[in-house]
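>>> Here you go, sequence then predicted model.
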Amino acid sequence: MADTDWVLALKNKFSEAVDEVSSGCLVLPGEDIFRAINFLKREYGFDYLMNLAALDYKDRLAVVYNLYSFKLKGKVCLKVFLPRDNPTIESMTGIFAAANWQEREAFDLMGINFTGHPDLRRILLPDDYAGYPLRKDYTKEGFLPMPTV
Amino acid sequence: MPTLETQQFSVSFGPQHPSTHGVLHLQMDLDGEVIVNCAPHIGYLHRDFEKICENRTYTQVIPFTDRLDYIGAMNNNFGYCLTVEKLLGAVIPERAEYIRVIIAELNRIASHLLAVGTFVQDLGAFGTPLLYCFRERELILDIFEMTCGARLTYNYYRLGGVSADIPEGFIQKVKDFIRYFRPKLTDYHRLITNNAIFLIRTKEIGVLSKEKALNYAISGPSLRASGIKFDLRKEEPYSIYSRLEFDVPTRDSGDCWDRYIVRMEEMEQSLRIVEQAIDKIPEGDFIAKLPKIIKVPAGELYFRTESPRGELGFYLISDGSTKPYRLKCRAPSFSNLSVIPELVKGVKIADVIAILGSLDIVLGEIDR
């Protein structure tokens, strides 16, 4: 990621933040992410949560936050890696109302737990659905892979 | 003196209801006519688009993007192709760029026509404005049909360009449409915009403040109606938008009428874009020469475009193979709908229809 003011400030404040070359994201440990986003919003006016995506890298899961600042016309991408067996991360609903549904979607399809979320339940799938379909190891009876092309 | 006891009751609005614009279910707790609490239930159209994509090649994904926002399908094709091309580093022929922008803007007009038509219909202007809008939209669909053979789910864009060159007579037909449509817009303004009943139903109804719009990540016309001048075609110009002249219409109060008028004015701007581009279409290829089997270099990116409904973003991870490793779609309607519980609190039930219609949601991309 290009070292903009806010990225440098983040790296100063959170010593464990590292660049990820392949995605241009800044990788933060899970316990720092809430404070980091809060810091960005307060100090640099990152007031728009463009995108929140849950990702599966086979050995671990991740949550990625794409933020935008209308004031600076700048973007930032933050990523947190989570263990597969108990992916838990603090909810951003206290900072962005938009995180509410986005996190519910991540919970629904990827099975990521957001602590402090006011209403964490399935959003797209039925409430009694079992499993998290977007995970790479998801299987279901009658679920056949595509024939190779 | 005896007091009259009242109690709250719960009403299900949808999922089968014409005013929900699809299969949306709003569970509303009412105190008389006033809404105390509203809980949207979505997912009726869910088919896990993102998972499907992981099992398809990059080109095979394109028809699935049509079915996200099926009213503005061309714009979805566009957004997806741009995302992949960005990672691919493909150079798009000039002619293809022009065709893409013309088609996308025509599609934006068609989408806004439907939005305005159904919005006014929901407010009780039964038939007339809707059919007027559909009459004009039909002409655009005819142009699309002669271009790619389909009228709703086009599958027209390809990685590196478009699937076929524009047919003979296309340019003339688009020019005819522009000449025909301009005066029609004036007609709409005369018919709808300052209509007394329409004003009563929309002015100061469903006010979405600037702060709330940002907090809920609202995008598109709804964001611009709340006083934020932000259009991705202007702020982060993709394709050839930086070379075209157009304005970004905004309004300040963020009520239903503002969202309506922003869409009306955007149609004018889209016409301007089409008008400029149609005269400049250069000769050349309509698609870049890419290998038959497209392998996208490994990498990750988030790319966003301005669809008729707002910010359409794709988060794409490629592992260097022929299929996307992960494709997350950030649908504008998804975020736009999430503000509904807050917007409808304390309003009368009839105004919910107005607010929902003015947000212009498409359930296909919410449920994905």
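On my side now, so go ahead.

>>> C-alpha from now on. contacts and neighbour counts both.
Fine.

>>> what's the neighbour count on residue B:124?
A total of 12 residues lie near residue B:124 under the criterion other C-alpha atoms under 10 Å in any protein chain shown.

>>> OK, contacts around the most centrally placed residue in chain A?
Centre of chain A computed as the mean C-alpha position; nearest residue by C-alpha atoms, centre = their mean is residue A:63, 2.6 Å away. By C-alpha atoms under 8 Å, 6 or more residues apart in numbering or on different chains, residue A:63 lies in contact with A:52, A:53, A:54, A:55, A:79, A:80, A:81, A:82.

>>> repeat that for 10 Å
Residues counted as contacts of residue A:63 (C-alpha atoms under 10 Å, 6 or more residues apart in numbering or on different chains) are A:30, A:52-56, A:78-82, A:87, A:89, A:103, A:106, A:110, A:112.

>>> Please, where are all the strands along chain A?
A:18-20, A:25-27, A:48-56, A:61-69, A:74-82, A:88-90, A:113-115 (DSSP state E).

>>> most packed of the ones you listed?
Highest mean neighbour count among those (mean count of other C-alpha atoms under 10 Å in any protein chain shown): strand A:48-56, with a mean of 24.

>>> mean confidence for that strand?
In this model, strand A:48-56 has a mean pLDDT of 90.

>>> Name the strands paired with it and say parallel or antiparallel.
strand A:61-69 (antiparallel) (DSSP bridges).

>>> Work out the gap between the partner strand and the centre of the chain.
With C-alpha atoms, centre = their mean, to the nearest Å as the basis, strand A:61-69 stands 5 Å off its chain's centre.

>>> hang on, residue A:13 packs against residue A:36?
Yes. The pair residue A:13 / residue A:36 is scored as a contact, 8.5 Å apart, by C-alpha atoms under 10 Å.

>>> higher neighbour count, these two?
Taking other C-alpha under 10 Å, residue A:13 and residue A:36 do not tie; residue A:36 has more neighbours (17 against 12).

>>> what sits against residue 93?
No chain was given, so I picked chain A. Shown in contact with residue A:93 (C-alpha under 10 Å, 6+ apart): A:34, A:99, A:100, A:101, A:102, A:103, A:114, A:115, A:116, A:117, A:118, B:215.

>>> switch to chain B, that's the one I care about
Contact analysis of residue B:93 by C-alpha under 10 Å, 6+ apart lists B:160, B:161, B:282, B:283, B:284, B:285, B:286, B:287, B:288, B:289.

>>> The last one against residue B:92, yeah?
The reference is to residue B:289. Yes. Counting by C-alpha under 10 Å, residue B:289 touches residue B:92, with 9.1 Å between them.

>>> Looking at these two now, which is surrounded by more residues?
residue B:92 (20 against 14).

>>> Could you list which residues are in contact with that one?
Shown in contact with residue B:92 (C-alpha under 10 Å, 6+ apart): B:82, B:85, B:159, B:160, B:161, B:162, B:239, B:285, B:286, B:287, B:288, B:289.

>>> related to what we said a few turns ago, weakest of the strands of chain A in terms of mean pLDDT?
With a mean of 79, strand A:18-20 has the lowest mean pLDDT of the strands of chain A.

>>> so how far is that strand from its chain's centroid?
Centre-to-centre, strand A:18-20 and its host chain are 15 Å apart (C-alpha atoms, centre = their mean).

>>> Surely residue A:102 is in contact with residue B:334?
Yes. Judged on C-alpha under 10 Å, residue A:102 makes contact with residue B:334 at a distance of 8.6 Å.

>>> So for residue B:27, what's the pLDDT?
On the pLDDT scale, residue B:27 gets 90.

>>> Need the buried ones from the contacts of residue A:93 selected in ChimeraX.
One line in ChimeraX is enough to select the buried members of the contacts of residue A:93, burial here meaning 16 or more other C-alpha atoms under 10 Å in any protein chain shown:
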select /A:34,99,100,101,102,103,114,117 /B:215
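
>>> Tell me which two of the contacts of residue A:93 sit farthest apart.
Spatial extent of the contacts of residue A:93 (C-alpha to C-alpha) is set by the pair A:115 and B:215 at 19.7 Å.

>>> Residue B:150 - how many residues pack around it?
Neighbour tally, residue B:150, other C-alpha under 10 Å: 15.

>>> and it, helix, strand or coil?
Secondary structure, DSSP: H, G, I helix; E, B strand; the rest coil: residue B:150 is coil.

>>> Relative to chain B, how far out is the residue lying closest to residue A:121 once chain neighbours are set aside?
Nearest non-adjacent residue to residue A:121, counting by C-alpha to C-alpha, 6 or more residues apart in numbering or on different chains: residue A:104, 6.3 Å away. From residue A:104 across to chain B, the span is 11 Å (C-alpha to the nearest C-alpha, to the nearest Å).

>>> what sits against residue A:104?
Counting by C-alpha under 10 Å, 6+ apart, residue A:104 touches A:110, A:111, A:112, A:113, A:114, A:117, A:119, A:120, A:121, A:122, A:123, A:124.

>>> which residues in the stretch 1-150 of chain B form helices?
Listed in chain order, the helices found in the stretch 1-150 of chain B under DSSP state H, counting those that start in this stretch are B:49-54, B:58-66, B:73-88, B:94-122, B:128-148.

>>> Chain A: which of these is closest?
For chain A, the closest of these is helix B:49-54, at 5.9 Å, according to C-alpha to the nearest C-alpha.

>>> List the contacts of the closest one.
Defining contact as C-alpha under 10 Å, 6+ apart, one finds that helix B:49-54 is touched by A:109, A:133-136, A:145-146, B:60-62, B:64-65, B:67-68, B:322-329, B:365, B:367-368.

>>> Give me the buried subset of those residues.
A:109, A:133-136, B:61-62, B:64-65, B:67-68, B:322-329, B:365, B:367-368.
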